[in-house]
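1. 3D model of this:
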Amino acid sequence: VGDHVVAELRAGRLRFAAEDPDDPRNFPRVLLAWRANLFGSSGKGMEYFMRHLLGTVDAVRAEESPPAVRPVEVTWREEAPRGKLDLLVTIDFRMTGTCTYSDVVLPAATWYEKYDLSTTDMHPFIHSFNPAIAPPWEARSDFEAFTAIAEEVSRLGAVHLGVRTDVVAAPLAHDTPDELAQPGGRVLDWKAGQCEPVPGVTMPKLVTIERDYGAVAGKMAALGPLVDTLGTACKGISWVPS
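-> Purely as a prediction, here's the structure:
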């Protein structure tokens with residue numbers, strides 16, 4: 001598969017989706033937002049989201065970039081598409097700006113209404129949550145909400161999708177042996193002819209993954225086969241559950 005993908009990329013018959021984000025085949029059709037106010041405080045340049053992703057009223061004031069400063073490796077369309085998204089679902093316990101623009105809002109339990117674990121990139125500890133009360137009305141914890149969605153996806157996926165094999169472009173990760181593929185941090189561009197395209201060395205890894213869409217819920221509710229030997233890891237600490 002990797003050899004075929006590389007050959008198609010070199011011939012120009014296959015492109016990365018990021019090279020032509022305005023092609024309808026590359027539109028993000030469904031978006032599930034989980035406690036992130038994308039169309040508000042969390043979205044940098046959210047007015048462009050309003051115009052191009054949602055296709056609603058926006059307050060974009062900037063003019064289009066002149067030809068001299070437009071990207072040369074990304075296909076440019078004079079009239080950029082509006083309203084790429086078909087469905088926006090949000091899980092949140094606040095009525096944020098994202099919720100007000102969502103097609104479906106699922107009520108979520110707050111920190112004091114569920115069991116949970118919280119970590120950050122700046123602290124070496126794990127904070128555990130314990131519920132003071134049960135989630136009110138129809139609110140659910142995040143795990144319960146995603147479990148319910150997974151069960152329905154599995155029911156429909158078994159009928160309409162079954163088992164598929166995807167080809168994934170996996171990046172060369174930071175702080176891993178992958179970095180040895182680019183000594184001194186010098187990154188050569190295979191598309192510019194500076195080197196040969198070699199998956200995992202001068203370009204992303206090309207990995208084939210089998211996805212059983214009828215087993216999404218079952219896998220979500222199960223522990224993997226290596227938990228009892230390799231354990232689970234978080235914050236640089238690994239332990240084997242008893």
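
2. switch to C-alpha atoms for all contacts and neighbour counts from now on
-> Noted.

3. using the three-state scheme, assign Glu151.
-> helix (DSSP: H, G, I helix; E, B strand; the rest coil).

4. element containing the residue nearest to it when sequence neighbours are not counted?
-> The shortest distance from Glu151 to any non-neighbouring residue, by CA to CA, 6 or more residues apart in numbering, is to Ala217 (5.0 Å). Assigned by DSSP states H and E, Ala217 belongs to helix 216-220.

5. and the strands in the chain?
-> 30-34, 87-92, 104-107, 116-118, 127-129, 163-170, 205-212, 232-234, 237-239 (DSSP state E).

6. before we move on, the earlier item: may I see the buried residues of the helix holding Ala217?
-> 216-217 (16 or more other CA atoms under 10 Å).

7. ok, stretch 85-93 next?
-> Residues 85, 88-93 are the ones in stretch 85-93 that count as buried (16+ other CA under 10 Å).

8. state the mean pLDDT of it.
-> On average, the pLDDT along stretch 85-93 is 95.

9. low-scoring stretches of this structure, by residue?
-> Residues of the chain meeting the criterion pLDDT under 70: 234-236.

10. what ranges does it have for its helices?
-> Along the chain, the segments classed as helices by DSSP state H run 2-11, 46-48, 97-100, 142-160, 216-220, 227-230.

11. in a markdown table, list the ones you listed along with distance to Pro107.
-> Below are the helices of the chain laid out as a markdown table (distance: least, CA to CA, whole Å):
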| stretch | distance to Pro107 |
| --- | --- |
| helix 2-11 | 43 |
| helix 46-48 | 23 |
| helix 97-100 | 10 |
| helix 142-160 | 9 |
| helix 216-220 | 21 |
| helix 227-230 | 32 |
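
12. was I right about Ala80 contacting Asp22?
-> Yes: with contact defined as CA atoms under 8 Å, Ala80 counts as touching Asp22 (6.8 Å).

13. who has more neighbours out of these two?
-> Between Ala80 and Asp22, counted using other CA atoms under 10 Å, the more crowded position is Asp22 (20 against 11).

14. the more buried one and Ala62, how far apart?
-> 19 Å (CA to CA, to the nearest Å).

15. quick revisit: which residues touch the residue nearest to Glu151?
-> By CA atoms under 8 Å, 6 or more residues apart in numbering, Ala217 lies in contact with 147, 150-151, 153-154.

16. just to revisit the earlier point, mean neighbour count, the strands of the chain: which tops it?
-> strand 87-92 (a mean of 20; mean count of other CA atoms under 10 Å).

17. which strands and helices sit next to it?
-> Under the contact definition 3 or more CA pairs under 8 Å, 6 or more residues apart in numbering; DSSP states H and E, strand 87-92 sits against strand 30-34, helix 97-100, strand 104-107.

18. so how far is the first one from its chain's centroid?
-> The reference is to strand 30-34. 9 Å (CA atoms, centre = their mean, to the nearest Å).

19. what of the second one?
-> Between the centre of helix 97-100 and the centre of its host chain there is 20 Å, according to CA atoms, centre = their mean.

20. contacts for it, please.
-> 36-40, 90, 92, 105.

21. determine which of the strands of the chain approaches Glu73 most closely.
-> Minimum separation from Glu73 across the strands of the chain (CA to CA) falls at strand 163-170, 18.3 Å.

22. quick one: that closest one to helix 2-11, angle?
-> Interaxial angle, strand 163-170 versus helix 2-11 (axes from the mean of the first three to the mean of the last three CA atoms, to 10 degrees): 60 degrees.
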